[in-house]
Structures are given as structure tokens and as C-alpha cells.
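[1] got a sequence here, can you model it:
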Amino acid sequence: MTRNGRATPRPGSPHRETSEEPVLLLVAADQRLRDDIALIAAVVGARLEIRHRWAHVESAIAEAAVAVLCSTQTVPRTAVLAERCLLVGHDAESVWQAAAEAPGLRPVPLPAGEKWLTEHLSTKVLDRSQGRVLAVAGSVGGVGATTFAYLCAAELASRGVSSLMVDSVGGPGSGIADLVRTAQSEGRLSGGGLNWQELTSVEGDLSANQLREAVPLWEGIGLLTGSAAGPRADSRLRAAVVAGRRAYDVVVIDSGQQTEALVSLGEQVDELLIIVRPSRRAVDAARDLISAVPQTRPWVAVNGSAAPGWSAADVRAELDAPVIADLPVQKWLARGDEIHDAYDLLRSRRGADLLSRVLHRVGLVNA
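    I've put the predicted structure just below:
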């Protein structure tokens, strides 16, 4: 299937448009060692670059690598390189002796240290390749925040960017929850069946891989929705977003009008997009949403007929935030019974250009 001439990505595709693939650098000639590290690299999700000796290492590769490894035969000659290196090898005695002669090297004898090495490299890779988080909020009810969030996730998916849409509002009347229920009843949903009710009963940390396998998929978009009520909702929301940004390129959060959800997420929110109707009431409500995440720069999309004396320029001046879309009386952005019908917008040049421009301005896609 194609959308505007673009191929639909395979659901769950690990492609990242917003960041380069993480790289591990191994300087070693030992074929057995190279094979073992290659297997670990595949497990942690990194590309392995192998060089026989340090003279063959390009500076760009060394600087970009999330971790550098060497063998006892290829110990770096400078202290600066040694401090970055993990010294790996199958002869434990040789590994410890080489490390003693080159202060700064961290010895990792194999196979005894394989589990530690895998976990260490996995952490390095995940920290390097975390996805971005876009929170979409509505200043007042019915302004179109849910639809806009859904369209952003759909446009990202059409570009091959894996996206997870998190419905932090949930409960009765949630357009995303309704979409999931309808798709399930019609057999048009793939993936797992994880929802908020199940997630709030989970103890401990949430694995990124578990989340990816468990959430239902709709047209390449992971969807986490359902009833989000309950005393553990905020902590589970944060846990889901932390795991989600490690499993997906972009996490799009429909936070509705909930300042509490934004406060609980805090620094996890990279970009905040507020859908605002041009009126005093809506602008005052938008200001409260902005104050919930003061560390995040807000973006504004104006939607709906302007109240007397109000314009997009007035909204921009009042909120001191850039207006990246001005959409007077856009019925497609208003909340509807069938939210996925709004996806027809992306099949038009005008709609695709609009979403592309918005996502480019907030830094989630290239122009």
C-alpha cells in the first residue's frame, strides 16, 4: 500500500529517520573475537565496524561510535584512546595483564564478562538512539488535539518513521480508544492487546521490547489507549513513554487538556504542540499547559474561527510561542466519531504539505 506515492513501512520497522544508526567499533584481527562481538552487536541493535589496526580507523568512525573495543594485540597507544576502550579477549590472564600495562582500559574477559558487556553496550545504544517525544495538547475541548496527534503519527508512519501514539486521556469518548475497539471487532488490528488497564497492573519497569510486542498496531502505528484512570496512571504513563522512546523513533502523546499528564512526564517531553482556538479563554488555558512543562519550547497550531479581536498574530504574541499552522474553520481537525476518516486528509497534497510542514518545524522530519 502507498500513501501519496510513499510506501507504507512494515509495522514495527526499526528505521530511524531522526537519528543515525548506533555504531560499535572493534579494533582486532582475531576472527573468533570478531565473530563474538558481531553477535553481541546484533543483539543490542548496533552496526559493528571492524578494523584490523588503529592506523585503519577513520576519525569520523571513532568519534561517532557509542563504544570502542580492542583486543590484547591492538591496545591503543594513547591514554585518550585507552580511556574510551573496552579491552576484550578470551584469554583472561592476557586481558588483565594488558589492562595493567595500559591505565584507562576497562578489561572484559570473555566469556565470563559477556553478560556484563551485552548489558553495557545495550545501555550505550539505547541512550544513543532514543526516540523523540511529541506531546499534543488542546487548549479547550473539541479543538482537534486528538485528531492532530493521530495525523502526526500517521504521517510519520507513511515516511517510514516508527511511531507510537499514547492516548493519555483514555476513558469514554476517546477517539483513539474507539478506533482500537472498532478495528478489533472488525479484525483489522494486528500486534498485541496491551491497554492502560493491563499496564497499570504491571509491577516493575517496562521493557522496550515487551512494549513493542504488546501494543496493538493500526496501519503501522502502535496504539496505547484505554481507560487511564487510577492512582498509578501518571507513573505508568511516564514508564510507557520512557520505554516507548527506546522502542520507537517518535512517541506522539495525546494529552488532551490534562496539565497533570504533562507535569508527570516532565523532561520526557521533547516538543509540545498546543492546538488553540483564537480566543481569550483558549489562550489562558494554553498558558496553563505551557507552564506544566516549562523546560520545553511550545509550538502552537491555531484552529477554528477567531473570536472578535483575535487572530493568529494575537495568539502568538500572548503565548510568546511560534504559530506553525493557522487553520480557520477546519472541520477535518474537529473531533469526529471516526477519527481514522481524517486520514483522508493525508491523501491530498494540501494535507500532506500541512503535516509535513508541522513535523519539520518541530524537528521530527527533514523538509
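[2] verify the contact between residue 206 and residue 237 for me.
    No. Counting by C-beta atoms under 8 Å, residue 206 stays clear of residue 237, with 10.9 Å between them. Heads up, the C-betas are built off the backbone N, CA and C, glycines and all.
[3] of those two, who's got more company?
    Per other C-beta atoms under 10 Å, whichever of residue 206 and residue 237 has more neighbours is residue 237, with 26 against 20.
[4] give me the element residue 212 is part of.
    Assigned by DSSP states H and E, residue 212 falls within helix 208-214.
[5] please apply the same query to residue 234.
    For residue 234, the host element (DSSP H and E) is helix 233-247.
[6] what is the mean pLDDT for that helix?
    Taken as a whole, helix 233-247 carries a mean pLDDT of 84.
[7] next SSE after it?
    Sequence-wise, the next helix or strand downstream of helix 233-247 (DSSP H and E) is strand 250-256.
[8] for whichever helix or strand comes after that following strand, packing partners?
    Under the assignment DSSP H and E, the closest C-terminal helix or strand after strand 250-256 is helix 259-265. On a contact count with 3 or more C-beta pairs under 8 Å, 6 or more residues apart in numbering; DSSP states H and E, helix 259-265 meets strand 132-138, helix 233-247, strand 250-256, helix 280-292.
[9] so can I have TSV of the ones you listed showing distance to residue 304?
    Listed next are those as TSV, based on distance: least, C-beta to C-beta, whole Å:
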stretch	distance to residue 304
strand 132-138	11
helix 233-247	28
strand 250-256	17
helix 280-292	8
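[10] of all those, which lies closest to residue 212?
    Nearest of those to residue 212, taken as C-beta to C-beta: helix 233-247 at 4.2 Å.
[11] just the buried residues of the closest one, please?
    Residues 233-234, 236-247 are the ones in helix 233-247 that count as buried (16 or more other C-beta atoms under 10 Å).
[12] give me the residues contacting it.
    Residues from elsewhere that reach helix 233-247 (C-beta atoms under 8 Å, 6 or more residues apart in numbering): 126, 129-133, 162, 164, 166, 168, 196, 199-200, 202, 205-212, 222, 224, 228, 251, 253, 260-261, 264-266, 268.
[13] buried ones among the residues you listed?
    Among the contacts of helix 233-247, those scoring as buried are 126, 129-133, 162, 164, 166, 168, 196, 199-200, 206, 208, 211-212, 222, 224, 228, 251, 253, 261, 264-265, 268 (criterion: 16+ other C-beta under 10 Å).
[14] domain parsing of this structure, as residue ranges.
    Per the record, the chain has its domains at 23-127, 131-361, by automatic domain parsing.
[15] mean pLDDT lowest where, among these?
    The weakest mean pLDDT among those belongs to domain 131-361, with a mean of 84.
[16] do me a favour and get the end-to-end distance for it?
    17 Å (C-alpha to C-alpha, to the nearest Å).
[17] picking that back up, tell me which of the domains of the chain sits most buried.
    Ranked by mean neighbour count, the domains of the chain are led by domain 131-361 with a mean of 19 (mean count of other C-beta atoms under 10 Å).
[18] return the distance of that one from the chain's centre.
    13 Å (C-alpha atoms, centre = their mean, to the nearest Å).
[19] same check on stretch 122-139?
    In terms of C-alpha atoms, centre = their mean, the centre of stretch 122-139 is found 4 Å from the chain centre.
[20] which residues touch residue 41?
    Residues in contact with residue 41, defined by C-beta under 8 Å, 6+ apart, are 24, 47, 48, 121.
[21] now residue 323
    300, 301, 302, 312, 313, 315, 316.
[22] return the subset of those lying in strands.
    Here DSSP state E is the test, and the contacts of residue 323 give 300, 301, 302 as lying in strands.
[23] format those residues as a markdown table; extra columns: distance to residue 156.
    Below are the ones in strands among the contacts of residue 323 laid out as a markdown table (distance: C-beta to C-beta, whole Å):
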| residue | distance to residue 156 |
| --- | --- |
| 300 | 20 |
| 301 | 16 |
| 302 | 22 |
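[24] and of those, the nearest to residue 351?
    Nearest to residue 351 among the ones in strands among the contacts of residue 323, with distances taken as C-beta to C-beta, is residue 301, at 13.6 Å.
[25] wait, doesn't that closest one sit right on residue 358?
    Yes. If you go by C-beta under 8 Å, residue 301 and residue 358 touch, sitting 6.8 Å apart.
[26] and for those two, which residues touch both?
    Residues touching both residue 301 and residue 358 (C-beta under 8 Å, 6+ apart) are 273, 324, 325.
[27] in its sheet, what does whatever helix or strand the second one lives in sit against?
    Taking DSSP H and E as the definition, residue 324 sits inside strand 323-327. In the sheet containing strand 323-327, the strands it pairs with under DSSP bridges are strand 298-303 (parallel).
[28] end to end, how far does stretch 135-146 reach?
    One end of stretch 135-146 to the other measures 11 Å (C-alpha to C-alpha).
[29] closest to residue 364 out of the shared contacts of residue 301 and residue 358?
    If you rank these by distance to residue 364 using C-beta to C-beta, residue 273 comes first, at 10.1 Å.
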